[in-house]
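**Q** Attaching a predicted model along with its sequence, questions to come.
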Amino acid sequence: MRAYAPVVRLFSALYLMAVAAALPAERFIFKYVAGDKFRVLSTTDEYIYVNRRLYNQAQIVNRIAFEVKEVKDGAGRLVGVFQTSEREAGSKTAFLINTDYESDYWRSALGVYRIEDKYFMPVVRNVPVFPDRDLKIGDTWTHPGEEKHDFRRAYGIPEPYRIPFSAQYEYLGIRSKDGKEWPAFKVSYTIFYQPPPPRRYTSTYPTQIMGYSDQLVYWDSLVGQPYAFEDHFKIVIDHANGNTIEYVGTADGKVIEALMMDRDKVERDVRKGIERLDIGDTTVRKDERGVVISLEDIKFQANSAILLDSEKRKLDKLTEILNEYPDRDLLITGHTALAGTEAGRQKLSEDRARSVAEYLGRLGVRSDDRMLIRGRGATEPLGDNATEAGMRRNRRVEITILEN
């Protein structure tokens, strides 16, 4: 029996080669239609090591909302907002928004970027980029890419770091994802960068950056966009002060066509609901993000984020309205009057937004991963902080029914 094993393996290999040759070739291209809106939602589980010791674990959610503003010669001009939010791994709280970036760039049908230096996002550029030909299973190709890192907040370095790399691709054929079949390819690259000392920094700066990314991408040929992706990554940063920080983790994400919101109608309906339910000190407006419900003069225990029972009853009523839009994520933003220190106001506004989000979560309005929180301190007043009436308006929590 053992003597036949090599023959069986050879026959199997030839059979698989014949099957692969019979499968139709795939041509990958990005397709753009002016006015289309998309949302990219990705979740990262990240471990952070300092000098080889585990320092922290975090869950990070990246949300990208972009619109195809115009199309020219097959290329699309993409305008959108890149938003990053975070929470400690294992916690059951809403995600706190860390950063917002606006971006405006062109991308060709094959995936090549044209973007101005002033934009920090996307971090990874020219991935994926496709060859202008049909691909069969096992075909490989390479194309240069780039990572652009914003180190202003971490190190006080004003200029972004641009790290070039060469991405390696392989077409894998059809793979299953979420019960459907998709053309799939893998892409991997490594980075190694030794930047010169920056002209300005805070206490230390990177002296060497190295790492890798291994991705599996599922492609939606009909839409001409990725359907989903999976990523394993590692980045190691050596610092001038002798410390080494490693970021190791996995990420997965999806590209979702955004459902348009009739903001005028939602605003009218929400206002009618607030009047019908007699929810006091509450206003409604629409903005570029969606429809904003402002709970003004919301009351907590003194200098804390503990909701008073009267405010919980307001939120109980508001649940009926929010449940009318179950497919829309929520942004909860805390605001304070002008009292105390700036740092204290910022933390209090974040804590109060988190308190409202947690209460809505207990009511079953949304799961914690579908609510974002942020604090604005006293930076966006509605009233005059020199008057008690103005301060009451400024002590508020806003709940935004998001379009994207």
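**A** Nice, I can see it.
**Q** Do a quick rundown of the helices in the stretch 251-400 of the chain.
**A** Assigned by DSSP state H, counting those that start in this stretch, the helices in the stretch 251-400 of the chain fall at 263-277, 309-322, 342-362, 388-394.
**Q** how about a markdown table for these, with mean pLDDT added?
**A** Shown next, in a markdown table, are the helices of the stretch 251-400 of the chain (pLDDT from 0 to 100):
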| stretch | mean pLDDT |
| --- | --- |
| helix 263-277 | 94 |
| helix 309-322 | 92 |
| helix 342-362 | 91 |
| helix 388-394 | 79 |
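**Q** Please identify the most buried of the ones you listed.
**A** By mean neighbour count, with neighbours taken as mean count of other Cβ atoms under 10 Å, helix 342-362 ranks first of these at a mean of 19. Every residue, glycine included, has its C-beta placed from N, CA and C.
**Q** Direction-wise, compare it with helix 309-322 and give the angle.
**A** Per axes from the mean of the first three to the mean of the last three Cα atoms, to 10 degrees, the angle that helix 342-362 makes with helix 309-322 is 60 degrees.
**Q** other SSEs contacting helix 342-362?
**A** Packed against helix 342-362, as judged by 3 or more Cβ pairs under 8 Å, 6 or more residues apart in numbering; DSSP states H and E, are the following elements: helix 309-322, strand 330-335, strand 371-375, strand 396-402.
**Q** between those, which gets nearest to residue 49?
**A** Closest to residue 49 of the helices and strands packed on helix 342-362, according to Cβ to Cβ: strand 371-375, at 27.5 Å.
**Q** Please compute how far the closest one lies from its chain's middle.
**A** Its chain's C-alpha centre and that of strand 371-375 lie 13 Å apart, by Cα atoms, centre = their mean, to the nearest Å.
**Q** Residue numbering should commence at 11 henceforth.
**A** Okay, using 11 as the starting number, the last item reads as strand 381-385.
**Q** Now the helix or strand where residue 74 lies: buried residues?
**A** Element membership of residue 74, judged by DSSP states H and E, is strand 63-82. Using 16 or more other Cβ atoms under 10 Å as the burial criterion, the residues of strand 63-82 that qualify are 68-79, 81.
**Q** One more: stretch 307-316?
**A** 307-308, 310, 315.
**Q** One more: stretch 215-235?
**A** 215-217, 219, 221, 223-230, 235.
**Q** ditto for stretch 238-248
**A** Applying 16+ other Cβ under 10 Å to stretch 238-248 flags 238-241, 243, 245-247 as buried.
**Q** nearest residue to residue 352 other than its sequence neighbours?
**A** residue 387 (6.4 Å; Cβ to Cβ, 6 or more residues apart in numbering).
**Q** Who are the packing partners of the strand holding residue 74?
**A** Judged by 3+ Cβ pairs under 8 Å, 6+ apart, the packing partners of strand 63-82 are strand 47-60, strand 85-98, strand 105-117.
**Q** Output the second one as CSV, nothing but the C-alphas.
**A** Right, strand 85-98. The C-alpha trace of strand 85-98 is given here as CSV (Å, rounded to 0.1, in the frame of the first residue of the first chain):
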residue,chain,number,x,y,z
ALA,A,85,-10.8,56.8,-10.7
GLY,A,86,-12.9,57.9,-7.8
ARG,A,87,-12.5,60.9,-5.5
LEU,A,88,-13.2,59.7,-2.0
VAL,A,89,-14.1,62.2,0.8
GLY,A,90,-14.7,61.0,4.3
VAL,A,91,-13.9,60.8,8.0
PHE,A,92,-11.7,58.3,9.7
GLN,A,93,-12.5,57.7,13.4
THR,A,94,-10.8,55.6,16.0
SER,A,95,-12.3,54.6,19.3
GLU,A,96,-11.0,52.4,22.0
ARG,A,97,-11.8,50.5,25.3
GLU,A,98,-9.9,48.1,27.5
